[in-house]
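Peer 1: can you look at this prediction? I've put the sequence above it.
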Amino acid sequence: MSEKSAQKRKYILEKARGVFAEKGFKSVTMKDVVEACDISRGGLYLYFSSVEELFLAVLSDDSDSDDDDAIEKALNNDATAGEMLALFLKEQKKEILRKKNSLVIATYEYFSSREIPFQDNPLYKQFEAGVQIVETLIENGIRSGEFECSDPHGCARNLMYVVEGLKVSSKTFGINEAAVDRELLYILEGLVPVAS
């Protein structure tokens with residue numbers, strides 16, 4: 001793909017992301033994306049053949065540009081497990097509270113209307129990746145004496161279920177920053193050893 005084509009594809013994905021964030025998945029048509037991009041219908045079809053293909057490309061592009069750099073940088077700076085977990089939760093909190101360009105509703109609309117085996121479902125894979133990160137951080141924290149936990153995997157899964165629930169809650173009935181902080185802190189307090 002030429003540099004010009006790559007730039008055009010990136011532009012279409014950015015505009016389409018805004019359309020999906022605004023309208024969800026079910027209501028979006030190729031015409032909506034054509035209008036948002038101010039390109040011809042044929043111009044859009046050069047890159048994407050359907051709304052579904054376009055949406056999956058937006059999701060793929062979105063996961064490629066996550067804030068993994070911040071976590072990688074912290075790892076290279078010898079951050080403690082507690083600092084790393086706090087950084088991970090800070091990134092999750094940003095996504096939970098994101099008001100503009102959030103794909104949460106569109107993503108759940110799309111995946112709730114498809115018969116996709118759980119092991120092939122990108123949402124499941126994303127969830128499991130989060131569980132793995134948190135479990136590793138908890139295990140590191142146990143080794144360093146920062147955390148106490150008899151079931152790191154169970155705790156990590158619970159934390160990720162809370163994060164996912166907060167994402168949906170923030171988009172359906174609204175949730176404020178204080179509520180997000182309270183729920184995440186509640187879980188973290190369970191990891192900190194009680195002073196004797």
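Peer 2: That came through fine. Residues are numbered from 1 along each chain as shown.
Peer 1: so after the one helix or strand in the chain whose mean pLDDT sits lowest, what's the next helix or strand?
Peer 2: Counting by mean pLDDT, DSSP states H and E, the weakest-scoring helix or strand in the chain turns out to be helix 68-76, with a mean of 55. Next helix or strand after helix 68-76 toward the C-terminus (DSSP states H and E): helix 81-97.
Peer 1: in that next one, what's buried?
Peer 2: Ala81, Gly82, Met84, Leu85, Leu87, Phe88, Leu89, Gln92, Lys93, Glu95, Ile96 (16 or more other Cβ atoms under 10 Å). C-betas here are computed from N, CA, C, even on glycine.
Peer 1: can you check stretch 132-148 too?
Peer 2: By neighbour count with 16+ other Cβ under 10 Å, stretch 132-148 contains the buried residues Ile133, Val134, Glu135, Leu137, Ile138, Glu139, Asn140, Gly141, Ile142, Glu146, Phe147.
Peer 1: columns secondary structure and distance to Gln126 on top of those residues, output as a markdown table?
Peer 2: Putting these into a markdown table (DSSP: H, G, I helix; E, B strand; the rest coil; distance: Cβ to Cβ, whole Å) gives the following:
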| residue | secondary structure | distance to Gln126 |
| --- | --- | --- |
| Ile133 | helix | 11 |
| Val134 | helix | 13 |
| Glu135 | helix | 15 |
| Leu137 | helix | 17 |
| Ile138 | helix | 19 |
| Glu139 | helix | 21 |
| Asn140 | helix | 22 |
| Gly141 | helix | 23 |
| Ile142 | helix | 25 |
| Glu146 | coil | 26 |
| Phe147 | coil | 24 |
